[in-house]
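Student: from the sequence below, what's the structure:
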Amino acid sequence: MESEVIAALIATPAVLVTAAAAWAAGRAQSHGTYHGTVDAVRRAAQREAYAGLYQTARRFREHFDAARRADLGNPPGDPALVTEMHAALDALEHAVNMVSLEGPDRIAEIAESMYGNARRFGGQRFGGSRIIVIDTDSPEGMRSFNEAIDSFDSDLADLLLEARRYLNGGPSR
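Tutor: Residues are numbered from 1 along each chain as shown. Predicted coordinates:
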């Protein structure tokens, strides 16, 4: 047999192995590129949802404080302030729903807790309007009202911490 033929027969398995390895590497790289792009888009959507919730929660809190300063409830305060606060609470509900869809579970739990507390002191929806269901004239009611406000503020701080930790790749609590 000619030496060129023998060399070709010896080199053939090495060429096949090299080709198979190159094919597998290319496939893995394209798979990673696809998932990297999907992850980047998902991360951007999460960042927008978290930022939207944080901004909406702060806006709700500002409207609530303004309504409370105007003696909301006893006697009823400025109806425009109440309407603005309830609109901000509706916007908060929408933002919480977005975060609940985006996850992860820990951040969604914080968002749900925040909205639950906001409803406790900002008003629950009955029919087409919202009413405050806590009786702030009783000591027990006032304690519950203040606990809801404190829990909301705590949830807002926890949201910022957990969202920052999650988006920056750190461990979640």
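Student: so which residues of this protein form helices?
Tutor: Using DSSP state H, the helices found in the chain span residues 3-69, 79-102, 105-122, 139-167.
Student: in the lowest-mean-pLDDT helix or strand in the chain, which residues are buried?
Tutor: Across the helices and strands of the chain, the lowest-confidence element by mean pLDDT, DSSP states H and E is strand 129-131, at a mean of 71. Buried residues in strand 129-131, counting neighbours by 16 or more other C-beta atoms under 10 Å, are found at R130. C-betas here are computed from N, CA, C, even on glycine.
Student: for the residue positioned nearest the centre of the chain, report the pLDDT, please.
Tutor: Geometric centre of the chain, nearest residue: V99, 3.3 Å, by C-alpha atoms, centre = their mean. With respect to pLDDT, V99 scores 95.
Student: okay, now the residue lying closest to it once chain neighbours are set aside: neighbour count?
Tutor: Distance criterion C-beta to C-beta, 6 or more residues apart in numbering; nearest residue to V99, sequence neighbours excluded, is A111 at 4.2 Å. Other residues within reach of A111 by the criterion other C-beta atoms under 10 Å amount to 29.
Student: I'd say A111 and E102 touch.
Tutor: No: under the criterion of C-beta atoms under 8 Å, A111 is not in contact with E102, lying 9.5 Å apart.
Student: what comes up buried for stretch 78-88?
Tutor: In stretch 78-88, the ones that count as buried by 16+ other C-beta under 10 Å are L81, V82, E84, M85, H86, A88.
Student: got it, and stretch 48-64?
Tutor: Within stretch 48-64, the residues scored as buried using 16+ other C-beta under 10 Å are A49, Y50, G52, L53, Y54, T56, A57, R59, F60, R61, H63, F64.
Student: redo those as CSV? Include distance to S151 and pLDDT.
Tutor: Written out in CSV, the entries for the buried residues of stretch 48-64 read as follows (distance: C-beta to C-beta, whole Å; pLDDT from 0 to 100):
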residue, distance to S151, pLDDT
A49, 21, 94
Y50, 19, 95
G52, 21, 95
L53, 16, 95
Y54, 16, 96
T56, 17, 95
A57, 12, 95
R59, 18, 94
F60, 14, 92
R61, 12, 92
H63, 18, 87
F64, 14, 86
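Student: how about these in JSON lines, adding distance to M142?
Tutor: Formatted as JSON lines, the entries for these read as follows, by distance: C-beta to C-beta, whole Å:
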{"residue": "A49", "distance to M142": "34"}
{"residue": "Y50", "distance to M142": "32"}
{"residue": "G52", "distance to M142": "32"}
{"residue": "L53", "distance to M142": "28"}
{"residue": "Y54", "distance to M142": "28"}
{"residue": "T56", "distance to M142": "27"}
{"residue": "A57", "distance to M142": "23"}
{"residue": "R59", "distance to M142": "25"}
{"residue": "F60", "distance to M142": "21"}
{"residue": "R61", "distance to M142": "19"}
{"residue": "H63", "distance to M142": "21"}
{"residue": "F64", "distance to M142": "16"}
